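**Student:** Structure of the sequence below:
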Amino acid sequence: MTDLPGLMISAPSSGTGKTTVMLGLLRALKEDGLTVQPFKSGPDYIDPAFHRAACGRASFNLDTWAMDQRLLSAVTRQAGGADIVVAEGSMGLYDGVATQGRTGFGSSAETAKWLGLPVVLVVDVGGQAQSAAATALGFRAYDPDLPFAGVILNRVASPRHERLTRLGMERAGIPVLGSLPRRGDLTLPERHLGLIQAVEHPDLEAAIAGYATFLRDNVDLEAIKAAAKGHAANLSSGTLPSLPAQRIALAQDAAFSFTYPHLLQGWRDAGAEVLPFSPLADQAPAPDADLVWLPGGYPELHAGTLAAASTFRAGMLKHAETRPIHGECGGYMALGEALIDKQGTRHQMLGLLGLVTSYEKRKFHLGYRQAALEAPLPGFAPGTRLRGHEFHYSTILDQPDAPLAQVADADGNPVPETGSHRGHVSGTFFHLISEETK
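**Tutor:** Numbers count the residues shown, from 1 in each chain. Just a heads-up that it's a prediction; the model follows:
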């Protein structure tokens, strides 16, 4: 991959409409005959599934805090065979870790600079007109080395509002690539972790087709294509994470779906056989699997169904007698003794670990995690240092088993959610992204 053109879709903050723009642009470019490679900047496991639905190509996370240069190179090479890259930012353009005198570590701006992608800034101009240009100008000037393509104005109230806002951008020398009228029907459904999952959307195909039409009517697609640039940085070396086992039974349904695409691709590239099964459909993992992996998701929304899934339970208990099981976040909770939902109802979980968690007593846990393993995790020996991300609202009521790791936040401050292990079973609240390398 050399100098593959592309763009970064970002915004001054969350909630400004960049995902709608991203999905509409992916579909419109595909309709124009281009093979589009989507990426997501930062630790998000929901948006990539929407990206794939929009353009038909797997989307991968690029995380400049959690991934070293070799892993970034390996993930970036997944764009091979594409005509154009479109990456979606997370939070605000410059938001990232601020530690050891460095700000914006892991930000969308850093990802854009890694790939040389010009930024398209989606600016919510509601409640302002010419003043929006000052915001855009500040974002362009904050890092003069960041390539900047222009802005898309979002939630424009009227032709007069658009004219005034464009005049401000013209004065500031900011190219306007599009102007999106305010429309309440163009928002994706959300819940407390952000967007609902792609598999849960009542009519995702119609929604994405509508976004693409909306973009075509209000955005200069040819100008956006012309603005696309990029470069291939240090892509000669690096591999995706290797397999933790040869035959991996992977829980996949509406309760367990948060798996980073680069991990799955790495497992498959290394020759692993991934065997999906659905706990919600009361399916047991493949009896000849070497490893069972329970990803994160929304077990709290399906706790009653999981508690009653007798075939799933029996298969998991049998597997745990001789072979490893690992759970992340929601998967970790399902491995525990009990889960208390937001109504205060206690649901019996698998009991393979002693963990008891509650959504009745909500506590927000968010951020990058550094972990030094004190016990084995499938694919990693004790002492291995890992990087990941934690995002949930549950509270630990009991965690009697031995800690799996020493865990800290991005600044090195210890966090109490250490994960735990018992016999062949382990779990963590953080979602694994990569292994630290020296």
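**Student:** element containing the residue sitting furthest away from the middle of the chain?
**Tutor:** Of all residues in the chain, Arg160 sits farthest from the chain's C-alpha centroid, using CA atoms, centre = their mean; the distance is 37.7 Å. According to DSSP states H and E, Arg160 maps onto helix 159-172.
**Student:** Quick one: residues in contact with the helix or strand just after that helix.
**Tutor:** Along the chain past helix 159-172, the next helix or strand (assigned with DSSP H and E) turns out to be strand 176-181. Taking CB atoms under 8 Å, 6 or more residues apart in numbering as the criterion, the residues outside strand 176-181 that touch it are 17, 21, 120, 149-157, 162, 165-166, 169-170, 214-215, 218-220, 223-224, 227. For the C-beta atoms, the positions are set from N, CA and C on the backbone; glycine is no exception.
**Student:** tilt between strand 176-181 and helix 159-172?
**Tutor:** For strand 176-181 and helix 159-172, the angle between their directions (axes from the mean of the first three to the mean of the last three CA atoms, to 10 degrees) works out to 160 degrees.
**Student:** now strand 176-181, how far from the chain's geometric center?
**Tutor:** Computed by CA atoms, centre = their mean, to the nearest Å, the chain-centroid distance of strand 176-181 equals 27 Å.
**Student:** Also stretch 348-359?
**Tutor:** Between the centre of stretch 348-359 and the centre of its chain there are 26 Å (CA atoms, centre = their mean).
**Student:** Ok, stretch 127-142 next?
**Tutor:** From the chain centre to the centre of stretch 127-142 is a distance of 28 Å (CA atoms, centre = their mean).
**Student:** Stretch 300-315 too?
**Tutor:** Centre-to-centre, stretch 300-315 and its host chain are 26 Å apart (CA atoms, centre = their mean).
**Student:** Same check on stretch 271-278?
**Tutor:** Relative to its parent chain, stretch 271-278 has a centroid offset of 21 Å by CA atoms, centre = their mean.
**Student:** rewinding a little: counting only helices, which of the contacts of strand 176-181 make the cut?
**Tutor:** Mapping those onto helices (DSSP state H) picks out Val21, Glu162, Thr165, Arg166, Met169, Glu170, Phe214, Leu215, Asn218, Ala223, Ile224, Ala227.
**Student:** which regions of this protein sit below the pLDDT cut-off?
**Tutor:** 1-2, 100-101, 184-201, 232-236, 438 (pLDDT under 70).
**Student:** can you list the domain ranges for it.
**Tutor:** By the record's domain assignment, the chain is partitioned as 6-227, 247-435 (automatic domain parsing).
**Student:** Same list (those) but as JSON lines, adding distance to Thr239.
**Tutor:** Converted to JSON lines, the domains of the chain look like this (distance: least, CB to CB, whole Å):
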{"stretch": "domain 6-227", "distance to Thr239": "5"}
{"stretch": "domain 247-435", "distance to Thr239": "7"}
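**Student:** which stretch among the ones you listed comes nearest Ser237?
**Tutor:** Distance to Ser237, taken as CB to CB, is lowest for domain 6-227 among the domains of the chain, at 5.8 Å.
**Student:** any idea how far Asp124 lies from Ser14?
**Tutor:** From Asp124 across to Ser14, the span is 11 Å (CB to CB, to the nearest Å).
**Student:** same check, this time on Arg77
**Tutor:** Per CB to CB, Arg77 is found 29 Å from Ser14.
**Student:** More neighbours: those two, which one.
**Tutor:** Under the neighbour definition other CB atoms under 10 Å, Arg77 and Ser14 were set side by side, and Arg77 has more, 16 against 13.
**Student:** May I see the buried residues of the helix or strand encompassing Ala141?
**Tutor:** Assigned by DSSP H and E, Ala141 belongs to helix 131-142. Of the residues in helix 131-142, Ala132, Ala133, Thr135, Ala136, Leu137, Phe139, Arg140 count as buried by neighbour count, 16 or more other CB atoms under 10 Å.
**Student:** correct me, but the fourth one touches Gly173?
**Tutor:** Think Ala136. No: when contacts are counted by CB atoms under 8 Å, Ala136 is not listed as touching Gly173 (9.8 Å).
**Student:** I'd assumed Gln370 was in a strand, is it?
**Tutor:** Yes: secondary structure of Gln370, determined by DSSP: H, G, I helix; E, B strand; the rest coil: located in a strand.
**Student:** was I right about it contacting Asp411?
**Tutor:** No: counting by CB under 8 Å, Gln370 does not reach Asp411; the two are 9.4 Å apart.
**Student:** more neighbours, the two?
**Tutor:** When Gln370 and Asp411 are compared for neighbours, Gln370 comes out ahead with 21 against 12, by other CB under 10 Å.
**Student:** quick one, phi psi at the closest residue to that one other than its chain neighbours?
**Tutor:** Taking CB to CB, 6 or more residues apart in numbering as the measure, Gln370 lies nearest to Ala408, with 4.8 Å between them; neighbours along the chain are not counted. For Ala408, the backbone dihedrals (degrees, to the nearest 10) come out as phi -140, psi 160.
**Student:** And the buried residues of helix 131-142, which is closest to Phe380?
**Tutor:** Phe380 lies nearest to Phe139 out of these, by CB to CB, at 39.3 Å.
**Student:** okay but the closest one is in contact with Pro12, surely?
**Tutor:** Yes: contact status for Phe139 versus Pro12: in contact at 6.3 Å, counting by CB under 8 Å.
**Student:** list residues touching both of those two?
**Tutor:** Common neighbours of Phe139 and Pro12, using CB under 8 Å, 6+ apart, are Leu93, Leu121.
**Student:** now Gly315: how far from Arg323?
**Tutor:** Here Gly315 is placed at a distance of 12 Å from Arg323 (CB to CB).
**Student:** So which of these two has more stuff around it?
**Tutor:** Gly315 (22 against 19).
**Student:** in this structure, which spans are helices?
**Tutor:** Taking DSSP H as the criterion, the chain carries its helices at 18-31, 47-55, 69-76, 108-115, 131-142, 159-172, 204-218, 221-227, 261-269, 303-307, 310-320, 330-335.
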